[in-house]
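>>> predicted model, plus sequence, below.
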Amino acid sequence: MLSKRNIQLAIQLLNENKIVILPTDTIYGISALYDELNEQKINEIKKSSTSKKLIVLFSKFKQLKKIAKISKEFKSNSKSKEPLTQIIDGQNGPIALRKVKRKDLKKIINKVGLIFSTSVNYSGNNFLTKKEELDLFNIKISEIFWDGELKSKPSKIIDLSKNEIIRQ
């Protein structure tokens, strides 16, 4: 759990449109406010295609009203004990959404709104977990919010529009 000071700093940096590394329910994620320019910036940092879609984290269903219609199945799946990313049809095409469970991350998202989160790695490489690796990752990251090594794996991803599992 991040300290109050770190939660406030994360909120401040995100509101300043900075890119940060945050602990998530699964692994460390490169995060920024949800907007097209930040999506491009993150993909450039990761050396991914600038058109690659990223996972969007939310804390409350009402945050999704402007971007997608939420089904009962989506809401039910969001109660899953295991971290689950769901791809649904959004207003601007498919969107990958995950409801956060970490209290510190909820506090951040409740203040700043939707944020992107994608694994800390260069495209095609393994995600990073150690502080030394995160520290050396990329100079365009404004701050790393370290909360110990996270020994989880990325979330399961399901595509509700195609009724298929993308990542187990």
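Perfect, thanks for sending it.

>>> so which strand or helix has the residue positioned nearest the centre of the chain?
Nearest to the geometric centre of the chain sits Ser117, at 2.1 Å (C-alpha atoms, centre = their mean). Using DSSP states H and E, Ser117 falls within strand 115-119.

>>> for that strand, which helices and strands make contact with it?
Counting contacts by 3 or more C-beta pairs under 8 Å, 6 or more residues apart in numbering; DSSP states H and E, strand 115-119 packs against strand 28-33, helix 36-46, strand 55-58. Any C-beta I mention is one placed from the backbone N, CA and C, and that applies to glycine too.

>>> paired strands for it, with orientation please.
With DSSP bridges as the test, strand 115-119 is paired with strand 28-33 (antiparallel), strand 55-58 (antiparallel).

>>> okay, now Lys131: neighbour count?
Using other C-beta atoms under 10 Å, Lys131 has 13 neighbouring residues.

>>> same check, this time on the one 10 residues further on
Around Ile141 there are 19 other residues, counting by other C-beta under 10 Å.

>>> and Lys130, by the same measure?
Lys130: 11 neighbours (other C-beta under 10 Å).

>>> what's the answer for Leu13, then?
Residue neighbour count, defined by other C-beta under 10 Å, stands at 18 for Leu13.

>>> might one say that it is in contact with Glu143?
Yes. When contacts are counted by C-beta atoms under 8 Å, Leu13 is listed as touching Glu143 (5.6 Å).

>>> contacting residues around Pro142?
Wrong residue type there; residue 142 is Ser, not Pro. Ser142 is in contact with Leu13, Lys18, Ile19, Val20, counting by C-beta atoms under 8 Å, 6 or more residues apart in numbering.

>>> do a quick rundown of the strands in the chain.
Assigned by DSSP state E, the strands in the chain fall at 20-23, 28-33, 55-58, 84-90, 93-99, 115-119, 143-144, 156-159, 164-167.

>>> can you add distance to Ser48 and give the ones you listed back as CSV?
Output for those, formatted as CSV (distance: least, C-beta to C-beta, whole Å):
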stretch, distance to Ser48
strand 20-23, 16
strand 28-33, 11
strand 55-58, 13
strand 84-90, 17
strand 93-99, 14
strand 115-119, 8
strand 143-144, 20
strand 156-159, 16
strand 164-167, 16
